[in-house]
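**Student:** my questions concern the predicted model and sequence given below.
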Amino acid sequence: MSDLDHLIKQNSEWAANVKQQDPDFFNRLSKQQKPKILWIGCSDSRVPANQIIGLPPGEVFVHRNIANVVAHSDLNCLSVVHYAVEVLAVEHIIVCGHYGCGGVAAAMDDAQYGLIDNWLHHIKDISRIYAETLANTPKEKRADVLCELNVREQLKNVAESSVVKKAWEQGKELTLHGWIYSIKDGLIRKLERIEK
Ligand code: CO
């Protein structure tokens, strides 16, 4: 069985390279993290948060799940938002979806996949709310449109969360951004921005 030794080797090479460029890097980061950004994105392996926005370790707090869902009762996601806003005092929360999202595609068909169907119900709910919009969208564009609607809806859920409401009531600087990433060209498009 492989011990994934190539990854351990790549890691030591990476660490040596970072140290060579910035000898104090790890020492500095070990003392504290002060990211200004919370990223909520999809678990998809093709959408790695830090890499696609060109940020090194320490610059972005990250939460990822299938189809970048922000469910009102998901304690995991809400705890991340809570910690990011109240402890780290991030100034921006990005919900970044992506075209070609497998989670969104799976929510659009009637096939049964098992446990994940329950999670994908969050997306199915959105397609029900926007049934008319989707029906009026050419079939080949429907999945992309639902990916965008999903970002907008999840961003609304962030805005409606008790944590964000409280932060705005307290006059904290906090802006919410809805973005969508294209796997085909590596580019991000802005969809929406919400301020208090
Ligand atoms: Co996805």
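**Tutor:** Perfect, I can see it now.
**Student:** who's in contact with the most centrally placed residue in the chain?
**Tutor:** Centroid-nearest residue in the chain: Gly41, 1.6 Å away (criterion: C-alpha atoms, centre = their mean). Neighbouring residues of Gly41 by C-beta atoms under 8 Å, 6 or more residues apart in numbering: Val47, Ala49, Val62, His63, Arg64, Asn68, Ile94, Val95, Cys96, Gly97, His98. To be clear about C-beta, it is placed using only N, CA and C from the backbone, and glycine gets the same treatment.
**Student:** helix, strand or coil for it?
**Tutor:** The assignment at Gly41 comes out as strand when based on DSSP: H, G, I helix; E, B strand; the rest coil.
**Student:** identify the residue spatially nearest to it, adjacent ones excluded.
**Tutor:** Leaving aside its sequence neighbours, Gly41 sits nearest to Cys96 (C-beta to C-beta, 6 or more residues apart in numbering; 4.5 Å).
**Student:** wait, a strand at that neighbour?
**Tutor:** Yes - secondary structure of Cys96 (three-state DSSP): part of a strand.
**Student:** how close does Tyr113 sit to the ion?
**Tutor:** Tyr113 sits at a distance of 14 Å from the ion (criterion: C-beta to the ion, to the nearest Å).
**Student:** what of Ala167?
**Tutor:** In terms of C-beta to the ion, Ala167 sits 27 Å off from the ion.
**Student:** so after the helix or strand where that residue lies, what's the next helix or strand?
**Tutor:** Using DSSP states H and E, Ala167 falls within helix 162-169. Next helix or strand after helix 162-169 toward the C-terminus (DSSP H and E): strand 175-181.
**Student:** strands paired with that next one, and their directions?
**Tutor:** With DSSP bridges as the test, strand 175-181 is paired with strand 92-98 (parallel), strand 188-194 (antiparallel).
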